[in-house]
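> Return a 3D structure for these sequence lines:
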Amino acid sequence: MLCRFHRILRGDRLKAILGASSFTRNFRPSSGLDMRLVQFVEEGGVFPRVGVELSEGGDVVDLSACDITFPREMTGFLRGGAELLESAKTAAVSGKNIVKRDGIKIQAPVTRPDKVLCVGQNYKDHCEEQGAPIPTEPVIFSKFSSCIIGPGDDILYPDVSDAIDWEVELVIVIGKAGKNIKESEAMDHVIGYTVGHDVSARDWQLQKNAGQWLLGKTMDTFCPIGPVLVTKDELPDPHKLGIRCRVNGQTMQNSNTDQLIFKTETLVSFISRFVTLVPGDIILTGTPPGVGVFRKPNPIYLKRGDVVECEIDGIGTLTNKIV
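Next up, the predicted model:
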């Protein structure tokens with residue numbers, strides 16, 4: 001029998017030998033695996049580690065210090081499935097290998113996902129805001145994973161645009177691979193949620209490039225996520241969470257995830273009809289009303305020096321500065 005160390009580090013080879021179903025069949029965790037997972041680097045360090053945040057904004061248990069076989073980045077950790085989740089929970093309650101918050105830098109909880117998928121027009125009140133009909137099926141687009149940044153990282157104001165807008169979003173994180181997933185089984189493939197900021201260049205999204213959204217959505221640093229990955233067991237109902245965005249302390253968006261048109265199960269099932277979802281994939285689920293482009297009487301856009309806070313109850317606050 002292979003030890004856990006070899007199962008993780010040689011996962012791709014094992015997948016080829018055993019087949020995808022064998023590789024992912026043990027993901028479904030038992031109940032009680034409520035955790036706040038983070039990626040972090042020590043002060044002055046370079047290489048990330050995976051940890052468990054003991055409370056919102058609090059100290060962190062360093063999982064790699066608990067067991068050298070723990071992967072040091074989140075996508076590798078998620079590929080480990082239920083066994084690693086259970087080991088992480090044991091480490092989190094042990095009271096050992098705790099690092100102080102002021103001695104580390106929290107990174108994006110997932111930094112190298114295979115896919116960054118996004119959903120447009122997915123809040124009822126956001127559709128009403130722009131006078132758009134309620135979609136009958138999810139509107140899917142994407143960003144490049146290279147535009148992901150973490151909490152506290154700067155959002156770079158691009159020279160090619162003067163219409164940069166904010167969008168706070170609930171982000172689904174995939175923990176188990178799957179294709180053609182049934183809605184009734186979709187949550188078995190979800191590890192949890194984080195906060196996302198779908199930074200958008202409205203001129204390139206809506207007026208240029210023949211109406212294709214990609215360039216307006218995926219410029220460098222246009223996908224802040226974090227600060228933590230909250231496991232699904234930690235959130236009683238992800239579709240009843242307050243969600244808001246502040247710019248320089250002023251509330252611009254203030255809604256609730258109960259306004260989502262297509263919820264987690266529907267989105268995971270729908271997307272998996274077209275592409276295979278794998279551990280670490282993220283799905284930005286859409287934004288509520290209050291974005292700058294639809295402000296009256298005139299649009300309001302971000303400028304250099306602005307500080308944007310994206311907050312979701314039960315998860316945390318993601319803060320970034322425009323530079």
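> In stretch 171-181, which residues are buried?
By neighbour count, with 16 or more other Cβ atoms under 10 Å as the criterion, the buried positions of stretch 171-181 are 171-178, 181. C-betas here are computed from N, CA, C, even on glycine.
> what do you get for stretch 272-289?
Going by neighbour count (16+ other Cβ under 10 Å), the buried part of stretch 272-289 is 272, 277-289.
> Mean confidence (pLDDT) on that stretch, please.
Here stretch 272-289 scores 98 as its mean pLDDT.
> got the contact list for Glu43?
Shown in contact with Glu43 (Cβ atoms under 8 Å, 6 or more residues apart in numbering): 103-105.
> ugh, wrong one, Phe141
With contacts defined as Cβ under 8 Å, 6+ apart, Phe141 is in contact with 117-118, 120, 213-214, 217.
> One more: Ala92?
Residues in contact with Ala92 (Cβ under 8 Å, 6+ apart) are 35, 52, 54, 61.
> Let me have those residues in CSV, extended by pLDDT.
Shown next, in CSV, are those (pLDDT from 0 to 100):
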residue, pLDDT
Met35, 96
Val52, 97
Leu54, 95
Val61, 96
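> got JSON lines for these, with secondary structure, distance to Glu73 and neighbour count too?
As requested, those are arranged in JSON lines below (DSSP: H, G, I helix; E, B strand; the rest coil; distance: Cβ to Cβ, whole Å; neighbours: other Cβ atoms under 10 Å):
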{"residue": "Met35", "secondary structure": "coil", "distance to Glu73": "17", "neighbour count": "25"}
{"residue": "Val52", "secondary structure": "strand", "distance to Glu73": "15", "neighbour count": "23"}
{"residue": "Leu54", "secondary structure": "coil", "distance to Glu73": "21", "neighbour count": "17"}
{"residue": "Val61", "secondary structure": "strand", "distance to Glu73": "16", "neighbour count": "23"}
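> hang on, the earlier thing: tabulate the buried residues of stretch 171-181 (TSV), appending pLDDT.
TSV is the format used below for these (pLDDT from 0 to 100):
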residue	pLDDT
Val171	98
Ile172	98
Val173	98
Ile174	98
Gly175	97
Lys176	97
Ala177	98
Gly178	98
Ile181	98
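> Now intersect the contacts of Glu43 with the strands, please.
Judged by DSSP state E, strands contain the following of the contacts of Glu43: 104-105.
> Tell me the most packed of the contacts of Glu43, by neighbour count.
Among the contacts of Glu43, Ile104 has the most neighbours (other Cβ atoms under 10 Å), with 19 neighbours.
> Local confidence estimate at that residue?
Listed pLDDT for Ile104 reads 96.
> That one pairs with what?
Beta bridges link Ile104 to Glu42, judged by DSSP bridges.
> Leaving out chain neighbours, which residue sits closest to Lys182?
Of all residues not flanking Lys182 in the chain, Ser269 sits nearest, at 6.3 Å (Cβ to Cβ, 6 or more residues apart in numbering).
> check contacts around the one you found.
Going by Cβ under 8 Å, 6+ apart, Ser269 touches 181-183, 186.
> In terms of helix, strand or coil, where does it fall?
Secondary structure for Ser269, judged by DSSP: H, G, I helix; E, B strand; the rest coil, is helix.
> quick one: it from Met187, how far?
Applying Cβ to Cβ, to the nearest Å, the value for Ser269 to Met187 is 10 Å.
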